[in-house]
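S.K.: Return atomic coordinates for the entry below.
(chains A and B)
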Amino acid sequence: MDASHAAAPAPGGLVSAGAGARLRQAAEYIAIPLFALAVSAFLFSLFLLALGHSPSEFFSLLWRGGFGTAFSWRNTLQRAAPLVLTALAVAIPARIGLTIIGGEGAVVLGGLAAAAIAIPLAGMVPTIVLLGCMAILAATVGAGWIGLAGYLRHARNVNETISSLLLAYVAIAILNFTVEGPLRDPGSLNKPSTPPIGRENMLSPVPGLEVPWALVVGIAIAIALHLLMSRTAFGFAARVTGGNPRAARAQGLPVGRLIVLCTAIAGACAGLAGFFEVAGIHGNANAALAAGYGYTGILVAFLARHNPIAVVPVAILFGGIAAAGGLIQRRMGLPDATVLLLQATVFVVLLASETLYGRLRFFKAGARA
Amino acid sequence: MSDMATLATVLFAMIGGAIRVSTPFLFVSLGECVTEKAGRINLGLEGTLVLGAMAAYMVAYETGDPWLGVLAAGCAGLILGTMHATLCSLPRVNDVAIGIALMSFGTGLAFFFGKPYIQPQAPRLPSVELGGWLGNPQLAEALTVNPLFFIGVALAFFLRWAFDNTRYGLLLRMAGDSVAASRAMGVSVDGVRLAATAAGGFLSGIGGAFLSLYYPGSWNEALSSGQGLMAVALVIFARWDPQRCFYAAMLFGAAGALGPALQSVGIVKGYYFFNAAPYILTLLIMIGAGRDGKAARAMPSELGVQR
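M.R.: Numbering: from 1, shown residues only, chains lettered A, B, ... in the order given. Alright, predicted model coming up:
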């Protein structure tokens, strides 16, 4: 909107028009993803009908298994917690223009590092110190792993999307090697694992709320990162770099340091997700750490349009879809990949809906009725 | 066993392994090469590979004809490629992100429909024995080659020739190097890219058929682990030249064959690290190519991957 045009109306009218336009724009950011969700549900219903299954049964089971009972809510929140952290691992680099899809690697290595440091420390130090050491080490290892992809991007122009995913495969190989070799607990027969950190050292849900600590910490980190990206000079510089790296460089912004820091923050989030999986769920590190949270986090971040706050409700939605998977599998006889396919459908439709932004007349800021 | 004999065993196993393991790399990288020459990147070929593998196995099992399976895999890839191209031709839609989404879509479809086919054994593709006359059983084993390998090699050299010498090759390269020039010629850039991405999907699907119908030769959910993605890096390494894609695929195949080759002589320690060799090799290659002026010059100008 050019200045001469905006200066014409009375000051009061200008303010209300500005607020209205902003509201309409915000509505667009909510309405279009919701529309994409509806279209995905419709397409998936057609798919189920074609296979002779009932879509209404599917979606009612999805609701019941994800959000219908206190038990399913617990299950949902438990799955949502790592998704918040892995989605932040995608959303923060996205702000600086990088597409990181290897969060799974940081989850796996973070969990492995947490379990490894617990072996000498368990029983020697108080639980709170032990958990603190595990969390710090997990975040550091994760930060280094994804930070490496950021560094390679900056220093050697290596495509970060591919390198982060390759690093994830390497991380899974390191995990498998370690739990079957040097750190294997002789007691773990069928499922090679590291020695347990001890039941007394494991995290229980937040007292009174029955919400996992991982979710509480994840929400706190999401809020902190939102403030960092929207209210600080660092966040501003990162967003400028994401918008136009050449302009950022011309302005003298330390583009390389910003890129490495953003990817390291991302890795620290994903590494913490690994720590919480070990300290809150498994009690040791084993192949189950590579459960795909890193990959689902990509979808959550895209659906949240890389907004750290929006990541939380979207993560809970997808935690619920994942939690309902078992029920759908048992009741409808559908394969376990059904949930994966539903998620992928949402992902494709959502990205295609990007094309609608700015093209719908209702949301146009200056549109006259 | 003497050291020499051990070394020979490893070497023969690696030659044979390189030929076997390289074939899916070859097909996917040729597919990606065609797509990227037209100016679009398709990161979803990993999903295409997995869906192709499942489609090939399913059709081969149901009909008893593995070659029909190969055709089905190609068609599955063609459909995913067409989807990618259609979605990317919409304004404001990002081809890298669509690729990631279609990677999970292809994988999801394959796992959904592939569940009943994990147990049964489908007919495998036949192979050609080239080394029978050598009198060395190990070498003969190494030189038992699948016809798809020859098709892939021929295709690599043909594509190199076609890019340089045919009208379609020129149209393809023009769409990848300058949208303005294509428009001035009255050529539909989206149309060329649609054809290129669909053809690329077809080739990647065939790469998947090789995985499930020849080597390893069965369908399961862990069949492909990043080959489709590594092929994208391989194209950068090959500087968008199909002929160099072939050499690069052989190198990757040899790296992938390292783990099983060492296992065959009883070296199992560090097994997971040898299996990780192709990923590490890919990373090193990408790091090496990062400051390589030749690679930067050979890249199609319209390609968004290295902004």
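S.K.: Any idea how many residues pack against A:Ala233?
M.R.: 7 (other C-beta atoms under 10 Å in any protein chain shown). C-beta coordinates here come from the backbone N, C-alpha and C atoms, glycine included.
S.K.: quick one: it from A:Asn244, how far?
M.R.: 17 Å (C-beta to C-beta, to the nearest Å).
S.K.: A:His226 against A:His306, yeah?
M.R.: No - in this structure, A:His226 is not within contact of A:His306 by C-beta atoms under 8 Å, at 10.9 Å.
S.K.: count of neighbours near the closest residue to A:Val240 other than its chain neighbours?
M.R.: Nearest non-adjacent residue to A:Val240, counting by C-beta to C-beta, 6 or more residues apart in numbering or on different chains: A:Ala248, 4.9 Å away. Look at A:Ala248: counted by other C-beta under 10 Å, it has 21 neighbours.
S.K.: For the helix or strand that A:Ala248 is a member of, enumerate the helices and strands it packs against.
M.R.: Per DSSP states H and E: A:Ala248 is located in helix A:245-250. Packed against helix A:245-250 by the contact rule (3 or more C-beta pairs under 8 Å, 6 or more residues apart in numbering or on different chains; DSSP states H and E) you find helix A:233-243, helix A:255-276.
S.K.: Could you list the low-confidence segments of the stretch 251-369 of chain A?
M.R.: Along the stretch 251-369 of chain A, segments meeting pLDDT under 70 span A:364-369.
S.K.: what does it have sitting close to chain B?
M.R.: A:295, A:298-299, A:302, A:335-338, A:340-341, A:343-345, A:347-348, A:350-352, A:354-355, A:357-358 (C-beta under 8 Å from any C-beta of the partner chain).
S.K.: Buried members of these into PyMOL, please.
M.R.: For the buried members of these, the matching PyMOL selection, counting by 16 or more other C-beta atoms under 10 Å in any protein chain shown, is:
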select buried, chain A and resi 295+298+299+302+335+337+338+340+341+343+344+345+347+348+350+351+352+354
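S.K.: Return the subset of the residues of the stretch 251-369 of chain A next to chain B lying in helices.
M.R.: Of those, the ones assigned to helices by DSSP state H are A:295, A:298-299, A:302, A:337-338, A:340-341, A:343-345, A:347-348, A:350-352.
S.K.: Among these, pick out the one closest to B:Val96, please.
M.R.: For these, the minimum distance to B:Val96 (C-beta to C-beta) is 10.1 Å, reached by A:Leu351.
S.K.: you'd agree that closest one is up against A:Phe302?
M.R.: Yes - taking C-beta under 8 Å as the definition, A:Leu351 is a contact partner of A:Phe302 at 6.9 Å.
S.K.: Now list whatever residues contact both of the two.
M.R.: B:Ala97 (C-beta atoms under 8 Å, 6 or more residues apart in numbering or on different chains).
S.K.: got the residues of the stretch 101-250 of chain B near chain A?
M.R.: B:101-102, B:104-105, B:107-109, B:111-112, B:115, B:225-226, B:229-230, B:232-233, B:236.
S.K.: Which parts of the stretch 101-250 of chain B are helices?
M.R.: Counting by DSSP state H, counting those that start in this stretch, one finds helices in the stretch 101-250 of chain B at the ranges B:137-142, B:147-165, B:167-177, B:179-184, B:189-213, B:227-237, B:242-264.
S.K.: What is the distance between the second one and the centre of its chain?
M.R.: By that I understand helix B:147-165. 14 Å (C-alpha atoms, centre = their mean, to the nearest Å).
S.K.: and B:Arg239, what are its phi and psi?
M.R.: phi 50, psi 40 (degrees, to the nearest 10).
S.K.: who's in contact with the residue nearest to it when sequence neighbours are not counted?
M.R.: Closest residue in space to B:Arg239, ignoring its immediate chain neighbours: B:Ala298 at 3.9 Å, by C-beta to C-beta, 6+ apart. Going by C-beta under 8 Å, 6+ apart, B:Ala298 touches B:239-241.
S.K.: So which of the residues you listed sits lowest on pLDDT?
M.R.: Among those, B:Arg239 has the lowest pLDDT, at 88.
S.K.: isn't that residue right next to B:Lys294, touching?
M.R.: Yes - assessed by C-beta under 8 Å, B:Arg239 is found in contact with B:Lys294 at 6.3 Å.
S.K.: Of the two, which one has the most company?
M.R.: B:Arg239 (18 against 9).
S.K.: how about the more buried one, what does it touch?
M.R.: B:294-295, B:298-299.
S.K.: Please apply the same query to A:Ala264.
M.R.: A:143-144, A:146-147, A:150.
S.K.: gap between it and chain B?
M.R.: From A:Ala264 across to chain B, the span is 18 Å (C-beta to the nearest C-beta, to the nearest Å).
S.K.: Same check on A:Asn75?
M.R.: Taking C-beta to the nearest C-beta, one finds A:Asn75 at 22 Å from chain B.
S.K.: Excluding sequence neighbours, find me the nearest residue to that residue.
M.R.: Nearest one to A:Asn75, counting by C-beta to C-beta, 6+ apart, is A:Ala323 at 4.1 Å.
S.K.: Give the buried residues for the helix or strand containing the one you found.
M.R.: Element membership of A:Ala323, judged by DSSP H and E, is helix A:308-332. Going by neighbour count (16+ other C-beta under 10 Å), the buried part of helix A:308-332 is A:308, A:310-312, A:314-325, A:327-329.
S.K.: list the contacts for the nearest residue to B:Gly217 once chain neighbours are set aside?
M.R.: Nearest non-adjacent residue to B:Gly217, counting by C-beta to C-beta, 6+ apart: B:Arg124, 5.3 Å away. B:Arg124 is in contact with B:66, B:213-214, B:217, counting by C-beta under 8 Å, 6+ apart.
S.K.: Most neighbours among the contacts of A:Ala264, which one is it?
M.R.: Neighbour max across the contacts of A:Ala264 (other C-beta under 10 Å) = A:Ile146, 35 neighbours.
S.K.: A:Ala106 touches A:Ile265, doesn't it?
M.R.: No - assessed by C-beta under 8 Å, A:Ala106 is found out of contact with A:Ile265, at 11.2 Å.
S.K.: B:Ser180 and chain A: what is the separation?
M.R.: Heads up, residue B:180 is Ala, not Ser. 21 Å.
S.K.: Tell me how far that residue lies from B:Pro91.
M.R.: Counting by C-beta to C-beta, the gap from B:Ala180 to B:Pro91 is 17 Å.
S.K.: residues in contact with A:Gly297?
M.R.: A:82-83, A:85-90, A:103, A:270, A:315.
S.K.: For those, give me a markdown table that also has secondary structure.
M.R.: Converted to a markdown table, the contacts of A:Gly297 look like this (DSSP: H, G, I helix; E, B strand; the rest coil):
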| residue | secondary structure |
| --- | --- |
| A:Pro82 | helix |
| A:Leu83 | helix |
| A:Leu85 | helix |
| A:Thr86 | helix |
| A:Ala87 | helix |
| A:Leu88 | helix |
| A:Ala89 | helix |
| A:Val90 | helix |
| A:Gly103 | helix |
| A:Ala270 | helix |
| A:Ala315 | helix |
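S.K.: Out of the residues you listed, which is nearest to chain B?
M.R.: Distances from chain B to the contacts of A:Gly297, taken as C-beta to the nearest C-beta, are shortest for A:Val90 (10.1 Å).
S.K.: dump the residue contacts of the closest one.
M.R.: Applying C-beta under 8 Å, 6+ apart, the residues near A:Val90 are A:99-101, A:103, A:266, A:297-298, A:300-302, A:306.
S.K.: ok, now A:Gly292?
M.R.: So A:Gly292 contacts A:Glu104 (C-beta under 8 Å, 6+ apart).
S.K.: give me that answer again for 10 Å
M.R.: A:Gly292 makes contact with A:86, A:104, A:107, A:322, A:340, A:343, B:104, according to C-beta atoms under 10 Å, 6 or more residues apart in numbering or on different chains.
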